[in-house]
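**Q** Give me coordinates for this.
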Amino acid sequence: MVATIQAASIWNIGIKTAAAQNMVALGFIEKQLGATISWAEWFIAAAPYAVMMSFILYVVCMKMLPPETMEVAGGDETVRREREALGPMKPSEKKLMVISLGLLFLWVTEKTLHPLDTTTSTVIAVTLMLLPGIGIMNWKEAQARISWGTLILFGVGISMGSALLSTKAAAWLANQLMTAFGLASMGGFMVFAILAPSSSSCISALPVPRPLPLR
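**A** All right, here's what the predicted structure looks like:
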């Protein structure tokens, strides 16, 4: 379970749409620098780092947290029995798979095959899931299971970040932190390697919304 959480934190960095803080950071980049970063550009730049850190995580976990047994008795039979109990895919599950694959295609091909950005394509996918007749979920089901506390937390964080940028307090604070922690003398890769995992771990500690039932 420790490895699972840390792997999720690592790939929050490697994939643009894996974490909300990535989208917030992109919004600030677009506002301040007028530059946009596509899903593929982010993946090409960040995925090698995530792959390297995943390998290091595996080595560290196998060294410090070795498995107590290499095979669970009756594990294969239990998995087979559970899969049979699930039965064939429901129509709603097939629809969800199609929408998910379509969304992934739109993410990967943004700025190359179409003009839609990541946010727009995601909103389209979520809208399709909520449309009457699609049968994946309705607003009543979604409303009861959305982690509103997490949304409020992000909303407050974005608002505070915007205030810091507009008042130029962010630049002052960044300079103070860079000096206090000795980051000014480090290269960009080292600064990224130190700061990114800590921010991802904070986000990973947030409450996880309950899964939505498929009708």
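**Q** could you pull out the helices for this protein?
**A** 2-14, 20-33, 39-64, 75-86, 91-108, 118-130, 139-145, 148-166, 169-180, 188-204 (DSSP state H).
**Q** Reformat those as JSON lines; add mean pLDDT.
**A** Listed next are the helices of the chain as JSON lines, based on pLDDT from 0 to 100:
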{"stretch": "helix 2-14", "mean pLDDT": "89"}
{"stretch": "helix 20-33", "mean pLDDT": "78"}
{"stretch": "helix 39-64", "mean pLDDT": "92"}
{"stretch": "helix 75-86", "mean pLDDT": "86"}
{"stretch": "helix 91-108", "mean pLDDT": "92"}
{"stretch": "helix 118-130", "mean pLDDT": "89"}
{"stretch": "helix 139-145", "mean pLDDT": "81"}
{"stretch": "helix 148-166", "mean pLDDT": "81"}
{"stretch": "helix 169-180", "mean pLDDT": "82"}
{"stretch": "helix 188-204", "mean pLDDT": "61"}
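**Q** Mean neighbour count, these: which tops it?
**A** Most buried of the helices of the chain by mean neighbour count (mean count of other Cβ atoms under 10 Å) is helix 2-14; its value is a mean of 17. Using the backbone N, CA and C atoms, a C-beta is placed for each residue, glycine as well.
**Q** so what does that helix touch, helix or strand wise?
**A** The contact analysis (3 or more Cβ pairs under 8 Å, 6 or more residues apart in numbering; DSSP states H and E) places helix 2-14 against helix 20-33, helix 39-64, helix 188-204.
**Q** That one relative to helix 20-33, how many degrees between them?
**A** Counting by axes from the mean of the first three to the mean of the last three Cα atoms, to 10 degrees, helix 2-14 lies at 20 degrees to helix 20-33.
**Q** centre of the chain versus helix 2-14, how much separation?
**A** Distance of helix 2-14 from its chain centroid, counting by Cα atoms, centre = their mean, to the nearest Å, is 9 Å.
**Q** just stretch 110-124 next, same as before
**A** Using Cα atoms, centre = their mean, the offset of stretch 110-124 from its chain centre is 17 Å.
**Q** Ok, stretch 48-59 next?
**A** Counting by Cα atoms, centre = their mean, stretch 48-59 comes out at 17 Å from the chain centroid.
**Q** what does stretch 47-62 give?
**A** 17 Å.
**Q** cool, and stretch 32-50?
**A** With Cα atoms, centre = their mean, you get 14 Å for stretch 32-50.
**Q** for residue 16, what are its contacts?
**A** Contact partners of residue 16, counting by Cβ atoms under 8 Å, 6 or more residues apart in numbering, are 22, 23, 26, 37, 39, 42, 43, 46, 107, 118.
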